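Engineer: Okay, sequence plus prediction incoming.
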Amino acid sequence: MSEPLVLRNLLVYSAQIAVVAAVAAAAFPLFRPGSPAARLAYWQWVLAGCLLLPAAQGWKAPESASAAGIEITAGQTLPAGKPPAPSLPRERAALGLLGAGALARLGWLALGFWRLRALRRGARPLSGLGWIESWQARLGVRAEVAVSDRVPGPITFGMRRPRIFLPPGFLQASPAVQEAICCHELIHVRRRDWLFTVAEETVRALLWFHPAVWWLLGQVQLAREQTVDRETVRLTQDRERYVEALLSAAGTGLEPDLAPAPLFLRKRHLARRVSSILKENPMSPRRVRIHLAGAFALVFLGGSVAVWAFPLQAPATINSGARLLHQPPVEYPAAARAKGIQGAVVLELSVDEKGTVTDARVLSGPEDLRRAALEAVLKWHYAPDISLPAKLQATIEFRLPPLPPAGESSPPRAERPAEPPAVARVPAPTRDLGVLKQIRIAGLSPEASEDLLRRLPAREGERITADMVGQVQAMVKEVDGHLMVYWSENSGETTLLIALPPEGGMLQQRSFAVPAAAPSADTQRIRVGGNVQRANLLHSVQPAFPPLAKAARITGVVRLNVTLGREGTVQQIEVVSGHPLLVPPAMEAVRQWVYRPTLLNGQPVEVVTQVEVNFTLREEQP
């Protein structure tokens, strides 16, 4: 998932949490649950609902980027021809800031664990108080009770070996206050509240930037302490002494502590905790359940509205679990369109370890659409970064636009995205190409483009040597054998384009310049027919048949406009037509051809001629 999509989904998720928290806060006074335990359950479920929002909703699918009337339902549809927009620096910086904040909060949490470990060394076991063992037996828990000079107030932590650490001032309190405080902490041990505290602090660290999350966590912690307060009063049967214990703890100058453990008292909670203790609960259990049900119904309604108003955006995925790096547009056959034929073509694909589709067969679908589907999937390339199965299944659905009502004109056809300006590749230059001004990648997903950029041995601003050109070519072919590498050099500045072959299999006329000195103003140039000039050919090199073209049984003629220098060597080449897989080897070979110099009035002149290079499989057979 690209940075812009991650940041967008994070902002949308934050908006969903804000809406749910606001609805929960508004519903609470309307359906105020009577008991602290009910309030704790309410806020815990609201917090859990916020955390589960991404999993509890259907993510909005991206708009199809394939050709109009064609839907790829088993793969990621990526537009070929338009280079992906790079992530904006501010988006990457924003994600970096959020990640750095989360790491800082997690580091703070780890420091708190280290502090809890350090507290054990200086703690003094508390002994000689028989009522501690009595309360442990009554509650059915065992915990180590100790006094530490480094805790601001009573704290409880640990699961397998729970510990209760008390401040030195605890020993100066009255026995009734001591008993109330210890009972409170032992109830925390019985409820395993330390585990919930650690989970809540982890949530706080990951969503540190969201004030609604902090507010919800505060409500959960307050309700938990009120629940333990109510249980302590019920067991000790001494409400006044327990309130005295809270007030005495508040007068000890409590300070925040970084240890991930529930404090006996936070000063901002004092008034509400005392009020909860002194206030009786007149609600019956049945009425509490009704109030909770009403509050949850309102929160659920608010969450549904939030999900509908702020949907999360899903990246295009593949049903099989594989991920397509690129998938060129599929052509709707004109004959099938004219006959009104539509439907889904289901194919079985064979994929090698590099993610290249090596073979495909049609499992089902209309006969007139099968050839177009087969030609399309053979150009697909899956990401090799996961364990790909040997066989994959894909579905390409061809749909005709609905007919307009009688009397209305047909809607205009959607224009296909313009193909990027392609530049012909410079074959094995013999000198530096100059400074690399720009690198462009077309037809790949943002993730694949960024991975390819990281692996490229060339960087913008560097000088490009002949060796570096070969390294780039080898690396690109290793990543994806379908990609083509194009170079363009102008006034010492070079542009590198890595893209899929142009759609349609034919290159339009595009200029190709071999790095050479610019001709002088008084240079004479004449045009000579191809058949005539061929008689002056002194040295020719046969082009190598590309293995990929041979495997696909691609043949044809590549036509080139060639400019010859006065000495008979090739100075410039223009591609007139030819299959994209056949053009590079044809240009590679023709560049090495040497002709007899052409004389005009006894002086050698430049010649413009046309060359045809014919590729046939029969010529490649022994």
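Structural biologist: Done, it's in.
Engineer: And for residue 305, the neighbour number?
Structural biologist: 14 (other CB atoms under 10 Å). All C-beta spots, glycine's among them, are computed from the backbone N, C-alpha and C.
Engineer: Could you tell me how many residues sit around the nearest residue to it once chain neighbours are set aside?
Structural biologist: Leaving out its chain neighbours, the residue that sits closest to residue 305 by CB to CB, 6 or more residues apart in numbering is residue 19, at 6.9 Å. A count of nearby residues for residue 19, using other CB under 10 Å, gives 20.
Engineer: helices and strands around the strand or helix carrying residue 19, which ones?
Structural biologist: Residue 19 belongs to helix 3-30 when assigned by DSSP states H and E. Applying 3 or more CB pairs under 8 Å, 6 or more residues apart in numbering; DSSP states H and E, one finds that helix 3-30 contacts helix 36-51, helix 89-122, helix 211-236, helix 285-309.
Engineer: could I get those as JSON lines with distance to residue 436?
Structural biologist: Shown next, in JSON lines, are the helices and strands packed on helix 3-30 (distance: least, CB to CB, whole Å):
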{"stretch": "helix 36-51", "distance to residue 436": "47"}
{"stretch": "helix 89-122", "distance to residue 436": "21"}
{"stretch": "helix 211-236", "distance to residue 436": "46"}
{"stretch": "helix 285-309", "distance to residue 436": "46"}
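Engineer: Report the beta-bridge partners for residue 595.
Structural biologist: Beta-bridge pairing for residue 595 (DSSP bridges): residue 537.
Engineer: Next, the contact list for it, please.
Structural biologist: Residue 595 sits next to 533, 536, 537, 538, 564, 568, 569, 607 when contact means CB atoms under 8 Å, 6 or more residues apart in numbering.
Engineer: Local confidence estimate at it?
Structural biologist: pLDDT recorded at residue 595 is 88.
Engineer: Equivalent analysis for residue 245, please.
Structural biologist: As predicted, residue 245 sits at a pLDDT of 75.
Engineer: what about it, distance to residue 127?
Structural biologist: Computed as CB to CB, to the nearest Å, the residue 245 to residue 127 distance reads 21 Å.
Engineer: So which of these two has more stuff around it?
Structural biologist: Between residue 245 and residue 127, counting by other CB under 10 Å, residue 245 is the more crowded of the two (29 against 10).
Engineer: And the contacts of residue 595, which is closest to residue 10?
Structural biologist: Minimum distance to residue 10 across those is 59.1 Å, recorded for residue 569 (CB to CB).
Engineer: follow-up on the earlier one: would you mind saying which of the helices and strands packed on helix 3-30 lies nearest residue 555?
Structural biologist: That would be helix 89-122 among those, by CB to CB, at 46.8 Å.
Engineer: which parts of the closest one are buried?
Structural biologist: Buried residues in helix 89-122, defined by neighbour count with 16 or more other CB atoms under 10 Å: 91, 94, 95, 98, 102, 105, 109, 112, 115, 116, 119.
Engineer: was I right about the first one contacting residue 5?
Structural biologist: Think residue 91. No. Residue 91 is not in contact with residue 5 according to CB atoms under 8 Å; the separation is 9.7 Å.
Engineer: Now for residue 94: which residues touch it?
Structural biologist: Residue 94 neighbours (CB under 8 Å, 6+ apart): residue 7.
Engineer: how near is it to residue 572?
Structural biologist: 48 Å.
Engineer: go on, residue 17?
Structural biologist: From residue 17 over to residue 572 the distance is 62 Å, taken as CB to CB.
Engineer: Those two - which one has more neighbours?
Structural biologist: Shown here are residue 17 and residue 572; by other CB under 10 Å, residue 17 has more neighbours (23 against 18).
Engineer: quick one, the helix or strand hosting residue 185 and helix 211-236 angle?
Structural biologist: Assigned by DSSP H and E, residue 185 falls within helix 175-191. Computed by axes from the mean of the first three to the mean of the last three CA atoms, to 10 degrees, the angle separating helix 175-191 from helix 211-236 equals 120 degrees.
Engineer: Now do helix 175-191: which elements does it pack against?
Structural biologist: Using 3+ CB pairs under 8 Å, 6+ apart: helix 175-191 touches helix 130-139, strand 155-157, strand 163-166, helix 211-236, helix 239-250.
Engineer: Would you mind saying which of the ones you listed lies nearest residue 299?
Structural biologist: Proximity to residue 299, assessed across the helices and strands packed on helix 175-191 by CB to CB, is greatest for helix 211-236 (11.6 Å).
Engineer: Domain ranges for this protein, per the record?
Structural biologist: 324-398, 418-501, 505-622 (automatic domain parsing).
Engineer: okay, the ones you listed in a markdown table with distance to residue 234 next?
Structural biologist: Shown next, in a markdown table, are these (distance: least, CB to CB, whole Å):
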| stretch | distance to residue 234 |
| --- | --- |
| domain 324-398 | 56 |
| domain 418-501 | 58 |
| domain 505-622 | 80 |
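Engineer: from memory residue 469 sits against residue 486, does it?
Structural biologist: No. Using CB under 8 Å, residue 469 makes no contact with residue 486, being 11.4 Å away.
Engineer: quick one on the thing from earlier: and of the contacts of residue 595, the nearest to residue 140?
Structural biologist: Distance to residue 140 across the contacts of residue 595 (CB to CB) is lowest for residue 569, with 96.7 Å.
Engineer: sorry, back to before: who's in contact with the residue nearest to residue 305?
Structural biologist: Counting by CB under 8 Å, 6+ apart, residue 19 touches 302, 303, 305, 306, 309, 310.
Engineer: Report the buried members of those.
Structural biologist: Among the contacts of residue 19, those scoring as buried are 302, 303, 306, 310 (criterion: 16+ other CB under 10 Å).
Engineer: Of those residues, which pair is most distant in space?
Structural biologist: The widest separation within those (CB to CB) is 12.0 Å, between 302 and 310.
Engineer: and residue 563, helix, strand or coil?
Structural biologist: strand (DSSP: H, G, I helix; E, B strand; the rest coil).
Engineer: Would you mind measuring from it to residue 599?
Structural biologist: Per CB to CB, residue 563 is found 17 Å from residue 599.
Engineer: Is residue 346 bridged to anything, and to what?
Structural biologist: Judged by DSSP bridges, the bridge partners of residue 346 are residue 364, residue 395.
Engineer: Just give me the neighbour total for residue 54.
Structural biologist: Neighbour count for residue 54, taken as other CB under 10 Å: 14.
Engineer: how many other residues sit next to residue 553?
Structural biologist: 7.
Engineer: Now it: which helix or strand?
Structural biologist: Counting by DSSP H and E, residue 553 is found in no helix or strand.
Engineer: I'd guessed residue 230 sits against residue 35; true?
Structural biologist: Yes. Here residue 230 reaches residue 35: they are 7.2 Å apart, a contact under CB under 8 Å.
Engineer: tell me the contacts of residue 146?
Structural biologist: With contact taken as CB under 8 Å, 6+ apart, residue 146 is in contact with 123, 124, 125, 126, 163, 164, 165, 166.
Engineer: what's the closest of those residues to residue 178?
Structural biologist: residue 166 (8.6 Å).
Engineer: Relative to residue 148, how far out is the closest one?
Structural biologist: Here the criterion is CB to CB. By it, residue 166 lies 7 Å from residue 148.
Engineer: neighbour count winner among residue 469 and residue 486?
Structural biologist: residue 469 (23 against 20).
Engineer: Let me see the ranges of the strands in the stretch 401-550 of the chain.
Structural biologist: Shown for the stretch 401-550 of the chain, the strands assigned by DSSP state E, counting those that start in this stretch span residues 434-441, 463-464, 484-490, 493-499, 510-513, 525-527, 537-539.
Engineer: need the ones you listed in TSV with mean pLDDT, can you?
Structural biologist: Shown next, in TSV, are these (pLDDT from 0 to 100):
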stretch	mean pLDDT
strand 434-441	77
strand 463-464	78
strand 484-490	68
strand 493-499	74
strand 510-513	34
strand 525-527	78
strand 537-539	84
